[in-house]
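[1] sequence and predicted model, in that order:
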Amino acid sequence: MITMKFGGTSVGTPESVRAVCRLVKGELDRRPVVIVSAHNSPQVRMTDTLIAAAKAAKEGRPDAGKVIEAQLWMCEGLGVDPVATGIRRYLDRFSQLLSGIAMIGELTPRTMDVVMSFGERMSARVVNDVLRREFGVDSEYRSSITLGLRTDHNFGSARPDPRCYPAVAKQIADIGSQVLVTTGFIASTDDGQTTTLGRGGSDFSATIFGAIVGAEEVQIWTDVSGVMTADPRIVPAAASIPELTFTEASELAWYGAKVLHPATMTPAIEHDIPVRVKNTALPDHPGTVIVKRATEKATSAVKSLAVMKDIHMVTISTERMFGTHGFMSKIFDIFNRHHVDIHMIATSEVTISVTTPNKENAEAAAEDLRAFANVVVEDGLSLISVVGEGMKGTPGTAARVTKAMGACQANIRMISQGASEINIALVVKTGEAKQAIAALHAEFFESGAEPEKESA
Ligand code: ASP
Ligand code: MG
């Protein structure tokens with residue numbers, strides 16, 4: 001079996017939904033489980049529209065008009081009957097939900113997950129209907145909630161509970177049809193409350209379902225031809241990377257490469273399932289395959305660059321640290337208490353700098369730390385990651401990084417390389433991040449051998 005996940009832009013218009021159905025039909029002999037995101041295109045930005053409607057309802061303006069209009073536009077373009085497919089019922093329920101939010105004047109993370117869940121449930125029903133009616137595929141729709149996918153109670157960013165996997169696998173095995181179409185992004189707690197896996201979470205659903213059914217491959221279909229050497233909006237010369245390892249891909253995902261939800265690689269690593277990232281609009285392009293161990297010798301020590309904006313740097317300094325032990329644990333206790341998610345650390349004998357995306361938590365921790373140290377919290381920074389397993393045993397990578405930064409006059413505020421030698425992380429001012437990425441890309445990819453260019 002395989003899982004095929006289609007991102008929002010892959011099901012954003014009637015034409016793209018048909019293209020998706022064609023791709024699914026081409027894989028029938030591999031018994032695909034199809035995982036669908038909510039529609040996402042200029043005409044139907046479903047998840048964002050649902051969120052905006054819920055926020056307006058909380059302010060006393062319950063109006064499902066935009067959601068209904070967008071979803072019905074999609075249905076009309078595909079000849080999908082909203083009543084027969086149950087979509088009309090979802091839209092009615094969504095309207096009622098908005099009235100409820102308006103009445104109470106409250107929008108909790110738990111309610112927000114119910115709000116967002118409508119997008120995936122409607123688009124999966126659309127894809128299932130088109131597969132059956134227009135493409136003659138024997139497919140069946142079940143939401144991931146009905147299939148029994150369970151998570152913790154962390155609304156807005158829930159994590160799956162693997163104990164439910166055998167029961168979900170049994171449910172799937174009992175479905176007699178050729179194809180199962182299910183919802184990405186959503187699940188529920190064991191007491192039946194709807195949860196979501198975080199924005200962009202249907203990538204994660206793809207590998208979760210891959211693990212559940214023991215897939216031979218997970219396919220993630222998106223709007224770019226795989227994972228790129230850098231964000232093509234920043235670096236026009238960015239090219240698609242033919243092959244990445246699990247470690248490289250998860251490093252990139254956690255450090256800001258938008259193409260994969262950060263947790264996506266976890267189930268793939270645990271179950272050793274190759275993940276293929278492909279472009280729905282250019283299905284013949286090989287895209288990127290992500291595997292446990294590299295099969296090809298990499299052409300470059302560095303595979304890709306990722307950037308995270310809006311990073312905060314906390315610098316702690318004190319002379320008292322000199323020669324004492326237990327100091328680090330005291331500091332990290334405080335970070336832990338304030339739920340500060342730390343990305344990067346650099347230390348000297350008298351200072352420690354850490355970076356984190358959580359500003360409020362960092363400020364709160366800083367308050368406590370000031371009891372015994374000088375603390376500065378800085379904003380307006382970006383974290384750039386230079387990732388590639390080939391750095392291991394290739395001397396001079398760090399030198400090339402600093403050379404590129406010197407050439408573009410970007411000031412390195414902080415730099416670190418883990419002992420695993422797969423990532424060099426650096427912090428620069430956000431205003432200098434673009435030039436830094438461009439310079440690093442030129443240094444590592446635009447001289448000599450480079451990976452295959454994306455065919456327009
Ligand atoms: N529809 C959700 C979002 O927009 C999940 C996803 O697309 O992966 O974040
Ligand atoms: Mg996505």
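    Alright, I've got the coordinates. Ligands and ions are numbered 1, 2, ... in the order given.

[2] quick one, what contacts T266?
    Residues in contact with T266 (C-beta atoms under 8 Å, 6 or more residues apart in numbering) are F204, T207, S250. C-beta coordinates here come from the backbone N, C-alpha and C atoms, glycine included.

[3] what about it, distance to ligand 2?
    Per C-beta to the ion, to the nearest Å, T266 is found 16 Å from ligand 2.

[4] now do that residue against R337, distance only.
    26 Å (C-beta to C-beta, to the nearest Å).

[5] over to S41?
    From S41 to R337 the distance is 43 Å (C-beta to C-beta).

[6] now G210
    Distance, G210 to R337, by C-beta to C-beta: 36 Å.

[7] out of these two, which sits in the busier spot?
    More neighbours surround G210 than the other of G210 and R337, with 26 against 12 (other C-beta atoms under 10 Å).

[8] these two touch, right, that one and K5?
    No. Applying C-beta atoms under 8 Å as the test, G210 and K5 come out as separate, 9.1 Å apart.

[9] now do the shared contacts for these two.
    Common neighbours of G210 and K5, counting by C-beta under 8 Å, 6+ apart, are V218.

[10] tell me the secondary structure for E378?
    Classification of E378 using DSSP: H, G, I helix; E, B strand; the rest coil returns strand.

[11] quick check: closest non-adjacent residue to the closest residue to ligand 2 within the stretch 151-300 of the chain.
    Residue nearest to ligand 2 within the stretch 151-300 of the chain (C-beta to the ion): G200, separated by 4.1 Å. Sequence neighbours aside, H261 is the residue nearest to G200 in space, at 4.4 Å (criterion: C-beta to C-beta, 6 or more residues apart in numbering).

[12] what's the burial count for the one you found?
    22.

[13] how close does it sit to T288?
    As defined by C-beta to C-beta, H261 lies at a distance of 15 Å from T288.

[14] around ligand 1, pick out the residues from the stretch 351-456 of the chain.
    Nowhere does the stretch 351-456 of the chain come near ligand 1, counting by C-beta under 6 Å from any ligand atom.

[15] where in the stretch 351-456 of the chain is pLDDT low?
    Applying pLDDT under 70 to the stretch 351-456 of the chain flags the ranges 448-456.

[16] run the last query once more with 90
    The model of the stretch 351-456 of the chain has pLDDT under 90 over residues 351, 390-395, 416-421, 447-456.

[17] next: the stretch 201-350 of the chain.
    233, 254-259, 294-301, 318-330, 343-344, 346-350.

[18] just give me the residue closest to the centre of the protein.
    Closest to where the C-alpha atoms of the chain average out (C-alpha atoms, centre = their mean) is H261, at 1.6 Å.

[19] what's that one in contact with, if anything?
    Neighbouring residues of H261 by C-beta under 8 Å, 6+ apart: L197, G198, G200, G201, S202, D203, F204, A253.

[20] check what pLDDT the third one gets.
    G200 is assigned 96 on the pLDDT scale.

[21] now D368. Nearest residue, chain neighbours left out?
    Spatial nearest neighbour of D368, chain neighbours left out: I334 (4.8 Å); criterion: C-beta to C-beta, 6+ apart.

[22] so that neighbour sits against R370, correct?
    No. Here I334 lies out of contact with R370, judged by C-beta under 8 Å, at a distance of 10.3 Å.

[23] more neighbours: which of these two?
    Using other C-beta under 10 Å, the more surrounded residue of I334 and R370 is I334, with 19 against 11.

[24] for the more buried one, what is the enclosing helix or strand?
    Element membership for I334 (DSSP states H and E) is helix 327-337.

[25] what residues sit buried inside that helix?
    Judged by neighbour count (16 or more other C-beta atoms under 10 Å), helix 327-337 contains these buried residues: F327, I331, F332, I334, F335.

[26] convert the C-alpha atoms of that helix to PDB, please.
    C-alpha atoms of helix 327-337 as PDB (Å, rounded to 0.1, in the frame of the first residue of the first chain):
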ATOM      1  CA  PHE A 327      24.500  26.800  36.600                       C
ATOM      2  CA  MET A 328      23.200  25.400  33.300                       C
ATOM      3  CA  SER A 329      20.600  23.300  35.000                       C
ATOM      4  CA  LYS A 330      19.400  26.300  37.000                       C
ATOM      5  CA  ILE A 331      19.000  28.300  33.700                       C
ATOM      6  CA  PHE A 332      17.300  25.400  31.900                       C
ATOM      7  CA  ASP A 333      14.900  24.800  34.800                       C
ATOM      8  CA  ILE A 334      13.700  28.400  34.300                       C
ATOM      9  CA  PHE A 335      13.400  28.000  30.500                       C
ATOM     10  CA  ASN A 336      11.500  24.800  31.100                       C
ATOM     11  CA  ARG A 337       9.100  26.300  33.600                       C
END
